[in-house]
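In: Sequence first, predicted model second:
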Amino acid sequence: MDSKLVREWLVDVVEQIRIKAAEIDRLRAEITADERRKAALEALLDSSANPAAGLPGEQMILRSVEGEPSEPSTHPIERAGLAILAERGKPTHVSEVRAELVRRGIPIPGKGTDSNVIVYLAKSTDICRVGRGLYALRSWRIPEVPRRRPRTRRKKRKARA
């Protein structure tokens with residue numbers, strides 16, 4: 001076999017793979033956008049079919065973007081975190097979530113650090129950790145990263161004289 005010909009075939013196959021992978025990414029983005037539109041339209045139909053239920057504005061937006069949350073969130077940081085992630089449409093680093101909370105004027109308890117925000121995001125049943133510092137909506141079905149177990153320290157024994 002001619003090795004030059006085989007190399008040309010290899011280059012062609014690699015280029016075809018690159019083109020098809022780009023097409024897959026484009027189609028996934030379109031599917032995600034269509035799913036959001038579908039959820040928004042379903043929420044609109046539900047609210048018009050049952051006007052007596054009357055969802056609050058923010059809760060209606062959350063339900064239309066991500067699917068119904070398992071239970072209404074109670075803390076403003078949790079509610080805002082859900083809204084921020086839904087608006088971004090992709091996993092977001094906790095520092096970006098914190099910066100957006102500050103921009104929106106939502107008070108963060110404690111020193112207002114990333115770790116203070118993590119506490120509230122971790123409590124949410126609708127938000128999951130998908131990477132180091134990355135959080136996403138559970139409805140996106142991105143595989144979660146298991147929580148790390150806290151290190152246990154052994155007590156040092158004092159040397160007896």
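Out: Thanks, I have it.
In: where's the spatially most central residue of the chain, which helix or strand?
Out: Geometric centre of the chain, nearest residue: A136, 1.3 Å, by Cα atoms, centre = their mean. Using DSSP states H and E, A136 sits within strand 134-137.
In: returning to what we had before: list the contacts for the closest residue to the residue nearest to the centre of the chain other than its chain neighbours?
Out: With sequence-adjacent residues excluded and distances taken as Cβ to Cβ, 6 or more residues apart in numbering, A136 is closest to P91, at 4.1 Å. Quick note: C-beta positions are derived from backbone N, CA and C, even for glycine. Going by Cβ atoms under 8 Å, 6 or more residues apart in numbering, P91 touches 85, 130-131, 134-136, 140, 142.
In: can you list the residues you listed in a markdown table and add distance to L10 and pLDDT?
Out: Listed next are these as a markdown table, based on distance: Cβ to Cβ, whole Å; pLDDT from 0 to 100:
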| residue | distance to L10 | pLDDT |
| --- | --- | --- |
| L85 | 42 | 94 |
| V130 | 35 | 94 |
| G131 | 34 | 92 |
| L134 | 36 | 95 |
| Y135 | 41 | 95 |
| A136 | 37 | 95 |
| W140 | 36 | 91 |
| I142 | 34 | 90 |
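In: Could you pick out the buried ones from these?
Out: Taking 16 or more other Cβ atoms under 10 Å as the criterion, what is buried in those is 85, 130, 134-136, 140, 142.
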